[in-house]
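Colleague: Need a 3D model of the following:
(chains A and B)
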Amino acid sequence: MTTIHCDIVSAEAEIFHGEATLVIASGEAGELGIAPRHAPLLTRLKPGQVEVVGEDGSRHSYYVSGGILEVQPNVVTVLADTALRAEEIDEAAARRAKDEAERILANRGEAKSVAEAQQQLAQALAQLSALERLRKTLKH
Amino acid sequence: MAGAREIRSKIKSVANTRKVTRALEMVSASKIRRAQDLMRASRPYALHMREVIAHIAQANTDYRHPALQEREVRRVCYMIVSTDRGLCGGLNANLFRKILADIHTWQQKGVGVEVIAIGQKAAQFFRRVKVDMVASVTHLGDRPRLEKLIGVIKVVDDAFMQGRVDRVYLCYNDFVNTMSQRPCLDILIPVPAAARQIGETKANGIHPGRDATRIERQSSWDYLYEPDAETVIRHLLERYVESLVYQATLENLASEHAARMVAMKAASDNATKAIDTLTLIYNKARQAAITQEISEIVGGAAAVG
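Modeller: All right, here's what the predicted structure looks like:
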C-alpha cells in the first residue's frame, strides 16, 4: 500500500511523524482528506481536529487551534499553532470555555471582545467535537 | 613582612573572584537545561517551516509576493541576535567578527548596510560601528516571548516590503552542543536566496537536518491554494519570519548559557591555579623573612659577643 509521510509540528513540540494512508483535516475552505499522491496544496487550517490513519489502520487524532497545511505528493506537513492529542483535551475546560464564550456573546460587549469570544467559541466547539469523535471511535 | 602581606591580600582578592566565577558558572549550569528544552521544543517547527518555504520558492505561483522574488541587492539588513550580558567567552565577539567581515564585503560593492540589534551587546557594539541601526530590542530575559520581538519583525518586514532593503540576514549563535556554538549568518528574505543557502549548507553537511530529496522534481508545478494564494502565502511568510527569529533567540540563549558555563569554569580553574602559585610565593617570602630575621639576630649576637 502506498503511504504518505506526515509531520505534525507545533511551535512547542513535534506532535507526530510517520507514515499515513490518509490524513483528514479541516481546512479553511472545508474538510480535506489527503491520500498519497495528492496534488500539491497549501491551506490554512481552522481550529479543529487532524486525523491520521496509519499504515495498520490505526487512527490518531490531534486537535489544532489553527495553522498551515502543506501537501506535497508524498509529504504532508502540518504547521500547527498549538496541537494537542485528542486524549489530552480536558473536556471540562473546553465546556467552560464554551459557556464563557456564549455568555460574552449573549451580553454583546464591545466589538473586540465579541470577535474574541467568537474565536473562543469556535475553538471550544472544535475541541468538543474532537473529543466526541474520539469517544465514538473508542466505543466501536 | 610587607611583601608577604601584599601577597596575602592578592590571594584573598583572587579567591573572591573565584567565588564570583563559580557562582556564575553554577547559575548558567542550572539555566542551560531549561534553555535547551525550550530550544529543542520549537526546533522541529522552524525546520519544517524552512522546508515548506523552500518548496514554495520552487513553485510557479501566479501571485508574486515580493519576498518570493530576488531583486538586485542595493541595501542589506542584518538582524543580530546577541546576549544581554557579557562574561560568556568569545560568543558575541566571534559572531560580530563574522558579521563585520560580511558587512565589509557588501560595503566594498557599494551596498548599503543597516542593522537591527536584538540584545544589549549587539546594541552597544554596533552603535560604535559605522552602520545605521534602525531598531533594537533588549532584555528578552530567560524566557524570550514572541510579543517582544514583534516590533523588530515589523520593522524588517516593512523595510523589505517598501523596498528599502533587498536582503535580510538573521545572525545568531547556533547551539551545537555545550562545548560548541556556531555563529550563523542565515538569509531570511528573499526566500529563493534563503532556499539556495539552505541547499548549500546541506550539501556541505553542516545542517544534517532532513533530506530535501523527498520531493519529486517536476518542471513546473504549483500548489492548490485555499482560500487563495495571496492569503495563504502572506500568512505563511508572516509565520516564517516570526518562527525563525524566535528560534534564533532561543538558540542564542542556549548558546549564551553554554558559553558562559564553559568560560566561567575556565576562569575558576585559572583562579585556583593562580591561588596555588601565589600561596607558594607567599610561603617562600615568609620563609625568607624568617631566615633573614634569624641571621640578623645571630649576626647581632656575634657582634655583641
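Colleague: From now on I want contacts and neighbour counts done on CA atoms only, so please keep to that.
Modeller: Fine.
Colleague: Pull the distance from the host helix or strand of residue B:76 to the chain's centre.
Modeller: Assigned by DSSP states H and E, residue B:76 belongs to strand B:75-81. Remark: strand B:75-81 is offset 14 Å from the chain centroid, using Cα atoms, centre = their mean, to the nearest Å.
Colleague: Now stretch B:178-191 - C-alpha only, CSV.
Modeller: Taking Å, rounded to 0.1, in the frame of the first residue of the first chain, the C-alpha atoms of stretch B:178-191 are listed here in CSV:
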residue,chain,number,x,y,z
THR,B,178,27.6,22.6,25.3
MET,B,179,31.1,22.9,24.1
SER,B,180,30.5,24.4,20.7
GLN,B,181,28.3,27.1,19.3
ARG,B,182,28.4,28.1,15.7
PRO,B,183,28.0,31.7,14.6
CYS,B,184,25.4,31.8,11.7
LEU,B,185,24.5,34.3,9.1
ASP,B,186,21.3,33.0,7.6
ILE,B,187,19.5,34.7,4.8
LEU,B,188,15.9,35.3,5.9
ILE,B,189,14.4,37.0,2.9
PRO,B,190,14.1,36.9,0.0
VAL,B,191,13.0,33.3,0.1
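Colleague: Next, the contact list for residue 22, please.
Modeller: Defaulting to chain A. Neighbouring residues of residue A:22 by Cα atoms under 8 Å, 6 or more residues apart in numbering or on different chains: A:3, A:4, A:33, A:34, A:35, A:36, A:52, A:53, A:54.
Colleague: nope, chain B please
Modeller: Residues near residue B:22 by Cα under 8 Å, 6+ apart: B:264, B:265, B:268.
Colleague: Nearest to residue B:185 among the contacts of residue A:22?
Modeller: The closest of the contacts of residue A:22 to residue B:185 turns out to be residue A:4 (Cα to Cα; 34.0 Å).
Colleague: how near is that closest one to chain B?
Modeller: Noted for residue A:4: a distance of 11 Å to chain B, by Cα to the nearest Cα, to the nearest Å.
Colleague: from what I can see that residue touches residue A:17, true?
Modeller: No - between residue A:4 and residue A:17 there is no contact under Cα atoms under 8 Å: 10.7 Å.
Colleague: and residue B:272, how many neighbours?
Modeller: Counted with other Cα atoms under 10 Å in any protein chain shown, the neighbours of residue B:272 add up to 16.
Colleague: On the three-state scheme, it is what?
Modeller: helix (DSSP: H, G, I helix; E, B strand; the rest coil).
Colleague: next one: the one 3 residues further on
Modeller: Using three-state DSSP, the three-state assignment for residue B:275 comes out as helix.
Colleague: what are the pairing partners of the helix or strand encompassing residue A:70, and which direction each?
Modeller: In the assignment (DSSP H and E), residue A:70 maps to strand A:67-72. With DSSP bridges as the test, strand A:67-72 is paired with strand A:41-45 (antiparallel), strand A:75-80 (antiparallel).
Colleague: name the helices or strands packed onto the helix or strand bottoming out on mean pLDDT in chain B?
Modeller: Within chain B, no helix or strand scores below helix B:191-203, which has a mean of 78 by mean pLDDT, DSSP states H and E. If you count contacts as 3 or more Cα pairs under 8 Å, 6 or more residues apart in numbering or on different chains; DSSP states H and E, helix B:191-203 packs onto helix B:2-58, strand B:180-189.
Colleague: That one: what's the following helix or strand?
Modeller: The helix or strand immediately downstream of helix B:191-203 is strand B:224-226, counting by DSSP H and E.
Colleague: got the domain boundaries for chain A?
Modeller: With automatic domain parsing as the criterion, the domains of chain A are listed as A:4-86, A:89-139.
Colleague: The strand holding residue B:76 versus strand B:180-189: what angle between them?
Modeller: Counting by axes from the mean of the first three to the mean of the last three Cα atoms, to 10 degrees, strand B:75-81 lies at 140 degrees to strand B:180-189.
Colleague: what's strand B:75-81 in contact with?
Modeller: Residues contacting strand B:75-81 (Cα under 8 Å, 6+ apart): B:111-119, B:122, B:156, B:164-173, B:248-249, B:252.
Colleague: Name only those of these that count as buried.
Modeller: B:112-119, B:122, B:156, B:165-173, B:248-249, B:252 (16 or more other Cα atoms under 10 Å in any protein chain shown).
Colleague: okay, residue A:60: pLDDT?
Modeller: Residue A:60 is assigned a pLDDT of 87 by the prediction.
Colleague: Wait, a strand at it?
Modeller: Yes - using three-state DSSP, the secondary structure at residue A:60 is a strand.
Colleague: residues contacting residue B:241?
Modeller: Contacts were defined as Cα under 8 Å, 6+ apart; by that measure residue B:241 touches B:153, B:188.
Colleague: Can you read off the pLDDT for it?
Modeller: 91.
Colleague: Is it in a helix, a strand, or coil?
Modeller: Following three-state DSSP, residue B:241 is assigned to helix.
Colleague: That one and chain A, how far apart?
Modeller: Relative to chain A, residue B:241 is positioned 13 Å away (Cα to the nearest Cα).
Colleague: my guess is residue B:29 contacts residue B:257, does it?
Modeller: Yes - between residue B:29 and residue B:257 there is a contact at 7.1 Å, judged by Cα under 8 Å.
Colleague: Those two: who's more crowded?
Modeller: Neighbour count, other Cα under 10 Å: between residue B:29 and residue B:257, residue B:257 has more, with 26 against 16.
Colleague: host element of that one?
Modeller: Using DSSP H and E, residue B:257 sits in helix B:229-304.
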